[in-house]
Structure formats: structure tokens, C-alpha cells
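> no sequence on hand, only this structure:
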């Protein structure tokens, strides 16, 4: 079974992307693949190189794909530049529910987070989500989507 998690954050800029990548590393994950296309290419660069790639891009939604092939983590950073979006999104999937939940909690402690949720991959958007974190300043539209 594959689990999926979403962490909603106000913005992902240089400092947030650096913190996210360091949090991955500190939680025991590595970046084996990184890129702007899915599936991402093999990666052997530094954190600074990864940060530069994450924040590069001019699309309305700037997506970066990260994978840890050994631990089977897939992670996507979606930086939404469209004013209709109230948050950027870190989406993750992996078969180990406990590790995924722990990573969500670690990210919520390290970066300003509106909410984080955990569910089962393929169960659809109307599934019962485990709400791991919800801040008081979470935008109303995001709260409505989650609950």
C-alpha cells in the first residue's frame, strides 16, 4: 500500500526550499533524483545546487520533483505564483506510513505550515484524511478543502 501526504505552506522561496531539503536529509532521506520533469533525473549535486533548481522557473506553478530511490519517497514541491492560490504544496508518497508521517511532522516544525494531511494513495480526494497539523492562520478555503 502507498501512502500520500500534503503539506501546505504559505510560500516556498530560497530559505524555505533550503530548510525543506535540509529537513529531508536530517530525517534520513537522500536526493537520488531531482528535476523539473517527472520522472526526475539522477542527481549528485549539492544542497545549494538543489535550491537553485527548486526556485528556478517562471511558470505559474513551478514544480520540482524529488525522489529517494532507496527509501521509495517521491516528493513534489509546487510553488504557486497565481494569486488564486493561497498556498504552495509539498506532496509526498511512499509505502512507509510512519516515516511519511514523521517527515510531515518534521517539515511542519521547520517551515511555516498551514496544514499537513496524510491519506492512502489512490483513495481519492474525498477520502478521510488524517489531519497531522492545522494552524490557526490556515486560509479558510484550504480548511474547507481539507475537512
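Yep, that arrived. Since the structure is predicted, the reported quantities are computational estimates derived from the model, not experimental observations. Numbering: from 1, shown residues only.

> dihedrals phi and psi, residue 128?
Taking degrees, to the nearest 10, you get phi -80, psi 110 for the backbone angles of residue 128.

> that should have said residue 107, apologies.
Per-residue torsions, residue 107: phi -60, psi -40 (degrees, to the nearest 10).

> how far away is it from residue 52?
21 Å (CB to CB, to the nearest Å). Placement of C-beta: from N, CA and C, glycine included.

> element containing the residue nearest to the spatial centre of the chain, please.
Compute the mean C-alpha point of the chain, and by CA atoms, centre = their mean the closest residue is residue 90, 1.9 Å away. Using DSSP states H and E, residue 90 falls within strand 88-94.

> now stretch 70-86: how far from the chain's centre is it?
Between the centre of stretch 70-86 and the centre of its chain there are 5 Å (CA atoms, centre = their mean, to the nearest Å).

> stretch 88-99 now?
Distance of stretch 88-99 from the chain centroid (CA atoms, centre = their mean) equals 7 Å.

> can you give me the buried ones in that stretch?
Buried positions in stretch 88-99, judged by neighbour count with 16 or more other CB atoms under 10 Å: 88-90, 92-94, 99.

> about what we covered before: once you drop chain neighbours, what's closest to the residue nearest to the centre of the chain?
Of all residues not flanking residue 90 in the chain, residue 7 sits nearest, at 4.2 Å (CB to CB, 6 or more residues apart in numbering).
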